[in-house]
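Participant: Requesting a structural model of the entry that follows:
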Amino acid sequence: MAAVSNIVLTDAQATPVNHTFIPLGKDAKGVWWFEDQSGDSAIGYNRLSISITRPSQAAVGQVDKGDRVNRVRIGISTPKPETLGTGGNGFVPAPTLAYVERFSAEFILPDRGNLQGRKDLRKYASTLLANTHVVNAVELLQNIY
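Facilitator: All right, here's what the predicted structure looks like:
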């Protein structure tokens, strides 16, 4: 088990900037949360989540039919706050949440799998995110034709 530490991700700006996601801890469901606190307001902090779910105990004695799987879930959310003008008294109100862009991925890893298979799957996934079709679909909302 790896000790919890900061996670640094680079953005896609013309001059890339590293964003440090500091660990906040586990929630009641066992999800680890990390936060990039470089924004102006907590409502706009980028967040990252990581969780691992092991097979249920009910599945331990069962014949493997693909139901004994570990699930690794990863999520990133980048909230976008907005300020809705000034109040009647001239003070700027607190920002509100305009929208949130999100990414989520889930690795489904059978107990029978091996280390090399998990390494290959992770590498395929990271390479896939750099593929032209995926880049155009995500960034430009262009379908494949």
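
Participant: Tell me how far stretch 117-130 lies from the chain's centre.
Facilitator: 16 Å (Cα atoms, centre = their mean, to the nearest Å).

Participant: typo on my end, stretch 126-143
Facilitator: Worked out by Cα atoms, centre = their mean, stretch 126-143 lies 17 Å from the chain centre.

Participant: pLDDT on it, on average?
Facilitator: For stretch 126-143, the mean per-residue pLDDT is 93.

Participant: For it, give me every contacting residue.
Facilitator: With contact meaning Cβ atoms under 8 Å, 6 or more residues apart in numbering, stretch 126-143 is reached by residue 144. C-beta: built from backbone N, CA, C; applies to glycine.

Participant: report the longest helix in this structure, please.
Facilitator: helix 115-128 (DSSP state H).

Participant: Next SSE downstream of it?
Facilitator: Going down the chain from helix 115-128, the next helix or strand is helix 132-139, by DSSP states H and E.

Participant: May I have the longest helix of the chain as PDB, with CA atoms only?
Facilitator: Listed next in PDB are the C-alpha coordinates belonging to helix 115-128 (Å, rounded to 0.1, in the frame of the first residue of the first chain):
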ATOM      1  CA  LEU A 115       0.300  -7.700 -12.600                       C
ATOM      2  CA  GLN A 116       1.400  -7.500 -16.300                       C
ATOM      3  CA  GLY A 117      -2.200  -7.400 -17.400                       C
ATOM      4  CA  ARG A 118      -3.000  -4.600 -15.000                       C
ATOM      5  CA  LYS A 119       0.100  -2.700 -16.200                       C
ATOM      6  CA  ASP A 120      -0.900  -3.100 -19.900                       C
ATOM      7  CA  LEU A 121      -4.500  -1.900 -19.200                       C
ATOM      8  CA  ARG A 122      -3.300   1.200 -17.400                       C
ATOM      9  CA  LYS A 123      -0.800   2.000 -20.100                       C
ATOM     10  CA  TYR A 124      -3.500   1.500 -22.800                       C
ATOM     11  CA  ALA A 125      -5.800   3.800 -21.000                       C
ATOM     12  CA  SER A 126      -3.100   6.600 -20.600                       C
ATOM     13  CA  THR A 127      -2.200   6.200 -24.300                       C
ATOM     14  CA  LEU A 128      -5.800   6.300 -25.300                       C
END
